[in-house]
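Q: Below are the sequence and a predicted model; questions follow.
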Amino acid sequence: MIRIIATGKGGAGKTTVIATMSRLLSREGYRVLVIDTDPSMNLAMSLGIPFTTTRTLAEDKTGIREQLLGDDPEDGHGHNHEHNHPVSIDQLLRLYEVYAQDNVRVLVMGTIPYGGAGCICSSISLVKTLIEQIASRIERYDFIIIDSQAGSEILGRGLAVDYDYNLVVTEAFPKSMEVARHVMKLAGDLRIKKQVVVVNKVKDGNETDLVLKSLCLNAEICYPVRYDERVAEADRNGQLILDTAPDSWMVGDIKEIMNMIQVSCRPEGGAG
Ligand SMILES: Nc1ncnc2c1ncn2[C@@H]1O[C@H](COP(=O)(O)OP(=O)(O)OP(=O)(O)O)[C@@H](O)[C@H]1O
Ligand SMILES: [Mg+2]
């Protein structure tokens with residue numbers, strides 16, 4: 001199972017890239033779970049799931065934590081303390097997983113319920129535990145892809161230790177690149193195996209060169225995704241460009257990144 005996290009500055013395009021890539025991977029036959037850890041909860045909407053129908057992990061935080069921590073690693077079954085019957089991690093996931101377009105499965109971490117409710121640390125920690133248990137105990141997915149809140153908080157909380165990819169989404173301007181630089185440093189601290197820099201909304205070739213130079217990157221880890229105004233137009237209508245203009249060069253650029261990831265993951269299986 002390949003674990004990927006998308007990081008970067010607000011508005012750089014994390015959610016758009018993840019939503020598009022996860023659907024493309026799913027179309028290839030991979031079992032893909034995406035987890036929205038951004039309290040803004042945009043990812044499910046980008047995947048066609050109405051905001052109101054999503055049951056979030058944060059809503060049932062205490063119960064889920066009890067079930068996960070009460071789980072017996074030997075038999076894969078835990079104990080539901082409240083109702084006193086066993087709960088497997090598979091059963092737990094079925095309660096919260098929503099099937100989106102192209103069969104992508106989505107989990108939503110959840111948001112801050114009211115002003116003054118405090119930070120989202122405990123919800124992030126819950127997602128971390130959940131993914132660790134999925135990774136060590138069940139064969140349910142080929143890819144887990146995390147969409148994160150803007151900035152470095154998610155890495156500061158140690159969510160992505162030993163992940164396979166940090167997909168750093170950046171635009172070619174200084175503030176965006178500065179965030180990219182910082183998340184790459186933190187991802188290194190967390191021993192994330194590969195970092196891929198997605199230079200998004202590219203309008204000319206110089207922008208990729210600028211990012212390469214500013215961040216001192218090797219060209220082979222840097223992938224341009226071209227600007228296409230139809231992306232934002234689709235977004236405004238609650239759609240993805242994959243449905244409104246599937247022949248877009250932006251979709252083609254995301255396919256390139258997906259192909260690279262598929263090739264690099266091939267020995268471990270998946271559908272490819
Ligand atoms: N390649 C592209 N060409 C044109 N517009 C794009 C492209 N990629 C993303 N956008 C647009 O940029 C805006 C921000 O994208 P998105 O919401 O994916 O960013 P984000 O990094 O997830 O932001 P946030 O940190 O706020 O969650 C959206 O309006 C989206 O449609
Ligand atoms: Mg987003």
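A: That came in fine, so what should we check first? Ligands and ions are numbered 1, 2, ... in the order given.
Q: Please tell me how far residue 177 sits from residue 211.
A: 6 Å (Cβ to Cβ, to the nearest Å). In this view, the C-beta of every residue, glycine as well, is placed from N, C-alpha and C.
Q: Common neighbours of those two, please.
A: Shared contacts of residue 177 and residue 211, defined by Cβ atoms under 8 Å, 6 or more residues apart in numbering, are found at residue 170.
Q: Show me what counts as buried in the helix or strand hosting residue 177.
A: According to DSSP states H and E, residue 177 maps onto helix 174-189. For helix 174-189, burial by neighbour count (16 or more other Cβ atoms under 10 Å) applies to 176, 177, 179, 180, 182, 183, 184, 186, 187.
Q: Once you drop chain neighbours, what's closest to residue 128?
A: Nearest residue to residue 128, sequence neighbours excluded (Cβ to Cβ, 6 or more residues apart in numbering): residue 159, at 5.1 Å.
Q: ok, the one you found - how many residues close by?
A: 20 (other Cβ atoms under 10 Å).
Q: ok, it to residue 125 distance?
A: Distance from residue 159 to residue 125, by Cβ to Cβ: 8 Å.
Q: cool, residue 245 as well?
A: Residue 245 is 40 Å from residue 125, by Cβ to Cβ.
Q: can you count the residues close to the residue of the chain found nearest ligand 2?
A: Closest approach between the chain and ligand 2, counting by Cβ to the ion: residue 15, at 3.2 Å. Close neighbours of residue 15, defined as other Cβ under 10 Å, add up to 25.
Q: Would you mind measuring from it to residue 42?
A: For residue 15, the distance to residue 42 - Cβ to Cβ - is 5 Å.
Q: hey, what's in contact with both of these two?
A: With Cβ under 8 Å, 6+ apart, residue 15 and residue 42 have common neighbours residue 147.
Q: Surely residue 241 and residue 23 touch.
A: No: in this structure, residue 241 is not within contact of residue 23 by Cβ atoms under 8 Å, at 10.8 Å.
Q: Same drill for these two, tell me which one is more crowded.
A: Just comparing residue 241 and residue 23: by other Cβ under 10 Å the higher neighbour count belongs to residue 23, 25 against 22.
Q: which residues does the more buried one contact?
A: Residue 23 neighbours (Cβ under 8 Å, 6+ apart): 47, 100, 101, 102, 104, 240, 242.
Q: which one of these sits closest to ligand 1?
A: Closest to ligand 1 out of the contacts of residue 23 is residue 240 (9.0 Å), distances taken as Cβ to the nearest ligand atom.
Q: what stretches of the stretch 51-200 of the chain score poorly on pLDDT?
A: 51-52, 71-87 (pLDDT under 70).
Q: which one is the residue in it that ligand 1 sits nearest to nearest to, not counting chain neighbours?
A: At 3.5 Å from ligand 1, residue 150 is the closest residue in the stretch 51-200 of the chain, using Cβ to the nearest ligand atom. Sequence neighbours aside, residue 10 is the residue nearest to residue 150 in space, at 3.4 Å (criterion: Cβ to Cβ, 6+ apart).
Q: The stretch 1-150 of the chain against ligand 1: which residues are in contact?
A: 8, 10, 11, 12, 13, 14, 15, 16, 38, 40, 42, 150 (Cβ under 6 Å from any ligand atom).
Q: Are any of those buried, and if so which?
A: 8, 12, 13, 14, 15, 16, 38, 42, 150.
Q: give the contact list for the closest residue to the third one other than its chain neighbours.
A: Leaving aside its sequence neighbours, residue 13 sits nearest to residue 200 (Cβ to Cβ, 6+ apart; 4.0 Å). Residue 200 makes contacts with 12, 13, 17, 169, 170, 171, 225, as judged by Cβ under 8 Å, 6+ apart.
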